[in-house]
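>>> pasting the sequence and the predicted model now:
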Amino acid sequence: MREGTPCKFLPKKLQHNNILAILLGIYVTSTLLALVTLSHFLNLVINVCGYPLMRRFFCLFSIIILFFTFPFLLNGKDAASQSGTQVAPSVQSPVPELNLTDAEKKWLEAHPVLRVGVDPRWAPIEWRDANGRYQGLSVEYLRSVEKLLGVRLEIVQAEDWHQLIRMAQERKVDMFSCAKETDNRKKFLSFTAPYLNFPSVIFTTGKITFVQDLEQLNNKKVALIDQYPDQEHLKKNYPGISLVPVKYTEEGIEKLHRGEADAFIGNLLTTTRYLSNTGNADVHVAGKVNYDVSLSMAARNDWPELAPLLQKALEAIPSADKEAFLKKWTAVEYVSVGWESRVLKWTLAGLLVGFIFIVQLRILVSRRTADLRKEIDLRKKSEEALKISEEKFSKAFQVSPAIVTLSTQKGVYLDVNETFERRTGYRREDAIGHSHLELGVWDNPEDYANTRKKLDEHGYLRSEECHFRSKTGEKMAGLLSTERIEIGGQTYMLSVVIDVTDRQRLEEQLLQSQKMESVGRLAGGVAHDFNNILSIILGHSDLLLDELPPDSPLREDISEILAAAERAKSLTSQLLAFSRKQVLTTTTFNLDSAIQNVIKMVHRLLGEDIRLVVDCKPGNHLINGDFSQIEQVIVNLCVNARDAMPQGGELTIETDVLLLDENYTQTHPDISPGLHVALSISDDGCGMGEETRRRIFDPFFTTKEKGKGTGLGLAMVYGIIKQHNGSVFVYSEPGEGTTFKIFLPQIPNAETTEVPAPPQEFIQRGNGEAILVVEDDASVRKLTCQVLTHLGYRPHEAANPEDCKRILAKKDSFQLLLTDVIMPDANGPQIQELVKQFRPGIKTVFMSGYTEDVIGHHGVFEKNIHFISKPFNEIALSMKIREALNCEI
């Protein structure tokens with residue numbers, strides 16, 4: 001393309017006729033002024049000279065009119081045929097029916113909202129105007145695709161194209177309205193067939209007039225937009241060109257003006273539009289590159305269904321609509337070069353005549369012109385102030401984080417903001433003209449009746465708590481404020497709704513957590529006192545059994561006492577688990593191994609009519625915790641699922657690794673952000689209602705028949721998971737089954753600790769070792785000494801620190817200290833320090849009703865501490881004493 005050659009694709013200000021445009025404006029202006037002057041002058045002649053001279057002036061007037069109009073009569077046909085700007089009107093063709101498969105329809109139902117990436121600075125193909133609305137050629141196609149697929153396309157807000165590309169890589173953008181297919185982009189996007197094609201051309205200033213081949217630009221600095229397809233093509237095929245990446249077309253043109261670039265390669269349509277609007281007359285097209293930019297719609301490639309759906313929608317758009325879109329946004333003009341010289345010739349003549357008459361007219365109109373100027377200035381200021389005010393209100397209305405609506409007194413929407421669209425799912429055009437009752441946005445009609453009554457009584461509403469429902473059925477809690485306003489003599493209602501759904505959910509979670517903490521604290525205290533009582537019952541029962549002969553009829557009665565005490569011990573153990581005060585022997589292990597360890601037991605518990613499915617996803621499933629406690633959690637949840645499926649069904653156990661980000665943890669305050677190992681146990685049983693779900697982890701709450709459950713199984717699950725710094729959630733609906741989800745903090749890849757097998761239990765007797773027993777409860781102290789004597793040890797009892805000092809002052813040799821942890825005068829560690837002052841090498845065993853007494857960190861054990869939980873039997877005590885005595889300090 002040579003310099004000076006008209007290009008039919010360029011807007012009129014760049015089609016080599018900038019001078020012509022200026023002269024045409026002067027020509028038309030002078031002609032109009034001359035005609036007005038003639039009319040005034042004719043009146044003057046009539047009044048002064050009379051009719052004869054008037055006829056002469058009339059002839060002169062006709063000649064002048066013919067003089068001005070003659071060139072247009074000669075060239076009217078040429079001008080009419082060769083110039084003109086076409087702007088396509090909006091076309092509303094009927095929406096055709098797409099031939100979708102059942103799978104495609106189901107996929108669209110599951111994805112009612114698609115996030116679209118639209119370049120905010122690529123006019124006229126696509127851009128964001130000063131009011132924040134998106135428009136352009138590709139946006140026209142988006143509107144058609146939206147109607148054809150029956151989904152809502154939500155445009156993602158971004159500052160530039162580079163940010164949109166990054167968001168697409170992070171899966172925050174589902175599709176692009178317009179993108180070039182490249183090897184790099186195919187790593188995360190799938191593309192339709194191209195539906196737009198625009199050439200890329202070379203723009204230069206006066207330094208370079210014509211570029212026939214890109215090889216001419218070797219060793220030249222060429223500006224082009226960063227990350228656009230041109231960059232990849234030039235790097236690969238023309239390494240000799242020095243590329244200067246820029247963010248926008250404006251920056252590239254500025255670098256041309258400043259001499260920082262010798263040429264700029266850009267899209268013909270978008271660049272010439274910018275030059276036309278800014279009047280950069282010194283920038284011209286110097287040549288065309290040897291490739292075109294074919295543009296497609298693009299979709300994220302992890303949704304393989306989306307790109308084919310977009311292709312179907314593009315193919316279904318009527319050809320008339322496509323042609324109208326193109327004409328609307330790519331207006332062109334043709335200019336005849338020969339006509340320019342004729343216009344220039346007659347324009348000069350018109351200027352001469354116009355100048356003569358303008359001098360005469362100037363005196364007559366000067367005064368009126370001054371008055372009109374003042375009126376115009378005043379009107380412009382008023383209009384500008386009104387425009388600014390309207391823009392402020394419009395922007396505040398649209399970008400408000402709260403839902404804002406304007407409606408009639410009957411509730412018919414006149415306008416809604418973007419937050420309304422986002423939260424309710426109804427598009428602005430769907431809401432306007434319909435009332436809130438027609439759309440069904442009120443969750444409970446009684447709420448509307450009550451608020452309407454208050455509005456009629458007071459004339460306004462202030463932060464009324466109401467409940468709404470979106471188009472998809474999602475419920476929302478909000479604070480509604482309504483004010484009656486007057487516009488143009490009519491009364492309307494301006495309503496603002498502040499969404500408090502998340503705040504209420506967080507408040508409910510906090511109250512539930514506080515309630516569970518209070519109940520757990522109470523349960524832990526009760527269990528501690530109960531364990532002391534059980535210690536006496538179990539201990540004396542064991543001693544009686546040892547003393548009775550094998551054929552004694554009392555042995556059966558004592559065995560019943562022992563069995564009942566063991567059940568009570570199990571109950572207190574569950575209470576301690578719920579209150580997070582159990583002993584935790586923590587190790588690092590793979591959660592999958594805990595599942596495999598109990599799978600046989602679970603099979604036996606479920607029976608033959610329940611199918612068990614185990615799905616352990618690949619990944620690092622290492623956690624830190626008590627292996628046996630996690631096993632207990634799995635078993636409890638499986639038993640709970642079994643009871644929910646009396647007629648049989650399917651139980652699924654799944655594990656996976658999930659990254660919980662800050663957005664998720666903001667609505668789940670019990671979880672810290674980061675990588676978590678997720679355990680999911682699901683059944684397809686009877687499910688549960690909302691009220692049951694809220695109380696599912698409460699201790700002693702059960703839906704089973706009397707005598708078939710204690711109501712502590714799920715409470716124990718809750719306590720164990722909390723003690724492991726995890727979280728547990730339940731999802732259920734009546735008749736839809738139940739899913740328990742557990743999140744435990746992931747441990748980075750590390751060596752796993754082998755879980756030791758439980759030792760064999762048998763009585764290990766002593767060899768006369770001296771043991772100092774410190775216990776404030778006299779009954780427990782006496783029983784403990786009896787058991788130790790029976791095991792072959794020499795116990796010495798003390799109730800407080802003073803007793804310890806008195807006994808230790810006798811200089812008897814003690815091999816072991818057995819002490820309670822919580823006592824009125826001193827705790828266990830203080831007693832240990834006191835005894836070590838007299839016997840530095842003595843070994844210690846702590847005993848208590850719950851583990852918080854030992855450390856105070858929710859039962860997490862310190863290393864090298866020997867501890868035995870109350871209540872204990874003779875065998876457990878003998879093994880713990882022998883373990884401590886044999887341990888090397």
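Cool, the structure landed.
>>> so Y248 touches R121, yeah?
Yes - at 5.4 Å, Y248 and R121 qualify as touching, with contact defined as C-beta atoms under 8 Å. For glycine as for every other residue, the C-beta is placed from the backbone atoms N, C-alpha and C.
>>> list residues touching both of those two?
Shared contacts of Y248 and R121 (C-beta atoms under 8 Å, 6 or more residues apart in numbering): D160.
>>> could you dump stretch 266-281 to CSV, C-alpha only?
Listed next in CSV are the C-alpha coordinates belonging to stretch 266-281 (Å, rounded to 0.1, in the frame of the first residue of the first chain):
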residue,chain,number,x,y,z
GLY,A,266,-1.4,-3.2,15.3
ASN,A,267,-4.9,-4.2,14.3
LEU,A,268,-6.2,-2.1,11.4
LEU,A,269,-9.7,-1.6,12.9
THR,A,270,-8.8,-0.7,16.5
THR,A,271,-5.7,1.4,15.7
THR,A,272,-7.4,3.5,13.0
ARG,A,273,-10.3,4.2,15.3
TYR,A,274,-8.0,5.5,17.9
LEU,A,275,-6.1,7.7,15.4
SER,A,276,-9.5,9.0,14.0
ASN,A,277,-10.6,10.0,17.5
THR,A,278,-7.3,11.7,18.5
GLY,A,279,-6.5,13.4,15.2
ASN,A,280,-3.0,12.0,14.7
ALA,A,281,-2.7,13.2,11.1
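>>> can you point out the buried residues in that stretch?
Of the residues in stretch 266-281, G266, N267, L268, L269, T270, T271, T272, R273, Y274, L275, N280 count as buried by neighbour count, 16 or more other C-beta atoms under 10 Å.
>>> mean confidence score for stretch 197-216?
Across stretch 197-216, pLDDT averages out at 84.
>>> from the chain's centre, how far out does that stretch sit?
44 Å (C-alpha atoms, centre = their mean, to the nearest Å).
>>> also stretch 298-305?
On C-alpha atoms, centre = their mean, the centre of stretch 298-305 falls 19 Å from that of its chain.
>>> buried set for it?
A298, A299, R300, W303, E305.
>>> what of stretch 228-245?
Buried residues in stretch 228-245 (16+ other C-beta under 10 Å): Y228, P229, D230, Q231, H233, L234, Y238, I241, L243, V244.
>>> give me the neighbour count for the closest residue to the fifth one other than its chain neighbours.
Nearest non-adjacent residue to H233, counting by C-beta to C-beta, 6 or more residues apart in numbering: Y291, 6.3 Å away. Residues within reach of Y291, counting by other C-beta atoms under 10 Å, total 14.
>>> residues in contact with V717?
V633, N636, L637, F697, V728, F740.
>>> repeat that for 10 Å
577-578, 629, 632-637, 640, 681, 696-697, 728, 740, 742 (C-beta atoms under 10 Å, 6 or more residues apart in numbering).
>>> just to revisit the earlier point, pick out the most distant pair among the buried residues of stretch 228-245.
P229 and V244 (16.7 Å; C-beta to C-beta).
>>> returning to what we had before: got the buried residues of stretch 298-305 as JSON lines, with pLDDT and secondary structure columns?
What follows is these, written out as JSON lines (pLDDT from 0 to 100; DSSP: H, G, I helix; E, B strand; the rest coil):
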{"residue": "A298", "pLDDT": "97", "secondary structure": "strand"}
{"residue": "A299", "pLDDT": "97", "secondary structure": "strand"}
{"residue": "R300", "pLDDT": "97", "secondary structure": "strand"}
{"residue": "W303", "pLDDT": "96", "secondary structure": "coil"}
{"residue": "E305", "pLDDT": "95", "secondary structure": "coil"}
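>>> let me see the contact set for I403.
416-424, 441, 468, 476, 478, 480, 495-499.
>>> quick one, helices of the stretch 651-800 of the chain?
Ranges of helices within the stretch 651-800 of the chain are 662-666, 690-694, 713-723, 778-790, based on DSSP state H, counting those that start in this stretch.
>>> next one: the stretch 101-250 of the chain
102-110, 137-149, 161-169, 229-237, 249-258.
>>> closest one to A324 among those?
Taking those one by one with C-beta to C-beta, helix 137-149 is closest: 8.3 Å.
>>> what's around T655, how many residues?
21.
>>> can you list phi and psi of the residue lying closest to it once chain neighbours are set aside for me?
The shortest distance from T655 to any non-neighbouring residue, by C-beta to C-beta, 6+ apart, is to C616 (4.8 Å). Taking degrees, to the nearest 10, you get phi -100, psi 110 for the backbone angles of C616.
>>> what kind of secondary structure is the nearest residue to T330 once chain neighbours are set aside in?
Nearest residue to T330, sequence neighbours excluded (C-beta to C-beta, 6+ apart): L269, at 6.0 Å. Counting by DSSP: H, G, I helix; E, B strand; the rest coil, the backbone at L269 sits in helix.
>>> distance of L269 relative to D160?
Separation of L269 from D160 (C-beta to C-beta, to the nearest Å): 19 Å.
>>> all helices for the stretch 251-400 of the chain, in order.
Secondary structure of the stretch 251-400 of the chain (DSSP H, counting those that start in this stretch): helices located at 268-278, 306-316, 319-329, 337-399.
>>> comparing the ones you listed by mean pLDDT, which bottoms out?
Of all these, helix 337-399 has the smallest average pLDDT, which comes to a mean of 64.
>>> now the next helix or strand after it: buried residues?
Going down the chain from helix 337-399, the next helix or strand is strand 403-407, by DSSP states H and E. Neighbour counts using 16+ other C-beta under 10 Å place I403, V404, T405, L406, S407 of strand 403-407 among the buried residues.
>>> who's in contact with H233?
K180, T182, S200, L214, L224, I265, V289, N290, Y291, V293.
>>> excluding chain neighbours, give the residue nearest to the first one in space.
Spelled out, it's K180. P229 (4.0 Å).
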